[in-house]
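Novice: For reference, the sequence and a predicted model appear below.
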Amino acid sequence: MNDCTIILLGATGDLSKKKIIPALYRLIERGIMKNCIIVGAAREQVAAAEIIKRAQEFIGPIDAAAWQTLQNSFFYHQLDFTHQSDYQTLNYRVKEYETKYKLSGNRIIYIAAASPFFCAITRNVASSGLAQRLDADAPVWHRLVYEKPFGSDLKSAQEINRCIHASFFEHQIYRVDHFLSKELVSNIALLRFTNIFFEPLWNSHYIEHVQIILDEPMGIEGRGGYYDKAGALSDVVQNHMLEMLALIAMESPATLQPDDVRNARAELLTHVQVVDGILGQYEGYTQEQNVAPNSKTETFAAVILQIDNDRWGSVPFYLRTGKKLDKKQTGIYVTFKKVACLLARQCPTAQNSLNIQIDPSPCFAMLVNAKKVGTFEEVEPIPMEFCQNGILPLAYETLLESVYKGDHAIATRFDEIEYAWKITDTIKAAHFPLYPYKQGSHGPVELEALNKKYDIGDTYEIGNHRFGKDGKRNCPTRN
């Protein structure tokens, strides 16, 4: 990353403090980001040094030289998202910095703000000249980054997309979800389409069901004002989980280039049907700060989906997410059908599976059956696993570097966003029952009946034996 101005709108918010500024520091420390400046802007009147200081606790050990570079490269200006004159002033200051530091004018406008501000910000950025509508072959580039959630439903997402397309080309736009920047998530397409033994088995003839799990032990972490309007469906299912569904179930793209992969992901989402589900709310949620005392917002969702195409037929795709559960677990678990007992006396044998664990430790494993050592015909499941050892880049490091390179693999296109909202709105319209559940549990007790109805095994058991006999994962964990 060289010769670039990063304009961070919403520089005083939690996202900037906890994720974006630490990622920028890491890119400097690793020697990836050079000769770039960062210009923060937000409503708060505060010094640039104070903003960086607030982020320090989320960075970890500090390298003095890298920290000094960050301080020297970071500037801040007060700005109201809705005041066009503030953007004109900011653009004037940015031009001064670019002249002083001999930068060409390449700009990343990172919009770390809530989606209700997206239209106003987009119009003001365009009318002030802070970013311009530029062809792909222009001598400089301007790129705009929008954080998830992108809208609150299909209607609002469509309105935001209309605002964006009125001022900028699609190739300039990055609707990002840091989840797509996680190392193992970005590896899913490669895992599927560069291994010849998966494709013949990747269909309803051989796969019994697919589970996509995103469980969290933490609660809403002071985000009651946002979360009580969103809930688990808008906060997690619409983006993280449907993105994983699209990657694991899409048809083979023409190539593994970003545009072709996005075409395949979007096409897959048009075939998703909502079948069943339940919702939950953890006990004590309504006592959280900025949560309505009579709130019916879901903090847990378990949904059964099907994909209406020739490949998948009636295979259930089980999406489950929740807060205040017993442990952190994010992964995709593909369970293959039972094998006919032709040779083994021990029957039935364990079902084969492919387990892609994203958190807490990036790891994937194939569960295969083999003869237990020291026996004649006793069979035991053996995990053939690969764990990503070493220090992995933070998701936001990968995200920022990808935007700089013009790589859209970490972004969702406007049609993907709209298809995902159609699915999410359909789930909401189904009015699945909302049940209470205890903090630190697996979720509502009613979940067991849903699992039995669709013959879905408990993924906690999967996690306990897929990654070692003792249930421990020996892969490095990165906070």
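Specialist: Happy to help now that I have it.
Novice: Which pLDDT does the model give the residue nearest to residue 117 when sequence neighbours are not counted?
Specialist: Spatial nearest neighbour of residue 117, chain neighbours left out: residue 81 (4.8 Å); criterion: Cβ to Cβ, 6 or more residues apart in numbering. Quick note: C-beta positions are derived from backbone N, CA and C, even for glycine. Note on residue 81: pLDDT of 94.
Novice: ditto for the one 10 residues further on
Specialist: Here the pLDDT value assigned to residue 91 is 97.
Novice: how close does it get to residue 251?
Specialist: 44 Å (Cβ to Cβ, to the nearest Å).
Novice: again, but for residue 236
Specialist: 25 Å.
Novice: neighbour count winner among the two?
Specialist: Shown here are residue 236 and residue 251; by other Cβ atoms under 10 Å, residue 236 has more neighbours (22 against 14).
Novice: OK, contacts around that one?
Specialist: 214, 301, 321 (Cβ atoms under 8 Å, 6 or more residues apart in numbering).
Novice: hang on, residue 383 is in a strand, isn't it?
Specialist: Yes: Residue 383 forms part of a strand when assessed by DSSP: H, G, I helix; E, B strand; the rest coil.
Novice: That one is in contact with residue 365, isn't it?
Specialist: Yes: with contact defined as Cβ atoms under 8 Å, residue 383 and residue 365 form a contacting pair (4.2 Å).
Novice: Could you check which of these two is surrounded by more residues?
Specialist: When residue 383 and residue 365 are compared for neighbours, residue 365 comes out ahead with 21 against 17, by other Cβ under 10 Å.
Novice: Am I right that that one sits in a strand?
Specialist: Yes: assessed with three-state DSSP, residue 365 lies in a strand.
Novice: which residues of this protein score low on pLDDT?
Specialist: Along the chain, segments meeting pLDDT under 70 span 181-184, 186, 341-349, 376, 388-393, 458-479.
Novice: In space, not sequence, find me the middle residue of it.
Specialist: residue 179 (2.3 Å; Cα atoms, centre = their mean).
Novice: Contacts only, for the residue nearest to it when sequence neighbours are not counted.
Specialist: Once flanking residues are discounted, residue 179 sits nearest to residue 240: 4.5 Å by Cβ to Cβ, 6+ apart. With contact set as Cβ under 8 Å, 6+ apart, residue 240 has these partners: 177, 179, 214, 321.
Novice: quick one: residue 240 and residue 246, what's the gap?
Specialist: Residue 240 is 11 Å from residue 246, by Cβ to Cβ.
Novice: Now the closest residue to residue 44 other than its chain neighbours: phi and psi?
Specialist: Closest residue in space to residue 44, ignoring its immediate chain neighbours: residue 12 at 4.5 Å, by Cβ to Cβ, 6+ apart. In this entry, residue 12 is assigned phi and psi values of phi -100, psi 0 (degrees, to the nearest 10).
Novice: Now for residue 12, how many residues are close by?
Specialist: Neighbours of residue 12 (other Cβ under 10 Å): 20.
Novice: roughly how far apart are it and residue 387?
Specialist: For residue 12 relative to residue 387 (Cβ to Cβ), the value is 38 Å.
Novice: hang on, the earlier thing: out of the contacts of residue 240, who's the most crowded?
Specialist: Highest neighbour count within the contacts of residue 240: residue 321, with 25 neighbours (other Cβ under 10 Å).
Novice: any idea how far the helix or strand that residue falls within is from the chain center?
Specialist: Element membership for residue 321 (DSSP states H and E) is strand 317-322. On the basis of Cα atoms, centre = their mean, to the nearest Å, strand 317-322 sits 15 Å off its chain's mean C-alpha point.
Novice: which residues sit in contact with the nearest residue to residue 218 once chain neighbours are set aside?
Specialist: The shortest distance from residue 218 to any residue other than its chain neighbours is 6.5 Å, reached at residue 323 (Cβ to Cβ, 6+ apart). Shown in contact with residue 323 (Cβ under 8 Å, 6+ apart): 216, 218, 219, 220, 232, 282, 299, 300.
Novice: what about the second one, is that helix, strand or coil?
Specialist: Right, residue 218. With three-state DSSP as the basis, residue 218 sits in coil.
Novice: Could you verify my assumption that it touches residue 325?
Specialist: No: at 9.3 Å, residue 218 does not count as touching residue 325 under the criterion of Cβ under 8 Å.
Novice: So between the two, which is more surrounded?
Specialist: Legend: neighbour count by other Cβ under 10 Å for residue 218 and residue 325, higher for residue 325 (26 against 9).
Novice: Just confirm residue 45 is within a helix.
Specialist: No: counting by three-state DSSP, residue 45 falls outside a helix, being coil.
Novice: quick one: the strands in the stretch 251-400 of the chain?
Specialist: 272-282, 300-307, 317-322, 329-336, 353-359, 363-371, 379-387 (DSSP state E, counting those that start in this stretch).
Novice: To residue 454, which of the ones you listed lies closest?
Specialist: With Cβ to Cβ as the criterion, residue 454 lies closest to strand 300-307 of the strands of the stretch 251-400 of the chain, at 5.8 Å.
Novice: Only alpha carbons, please: show that closest one as CSV.
Specialist: Output of strand 300-307 as CSV, limited to C-alpha atoms (Å, rounded to 0.1, in the frame of the first residue of the first chain):
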residue,chain,number,x,y,z
PHE,A,300,-30.9,-16.4,18.8
ALA,A,301,-32.1,-17.8,15.5
ALA,A,302,-32.2,-21.4,14.1
VAL,A,303,-33.5,-21.6,10.6
ILE,A,304,-33.9,-24.4,8.1
LEU,A,305,-33.4,-23.4,4.5
GLN,A,306,-33.5,-25.4,1.2
ILE,A,307,-32.0,-24.6,-2.2
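Novice: Much appreciated, bye for now.
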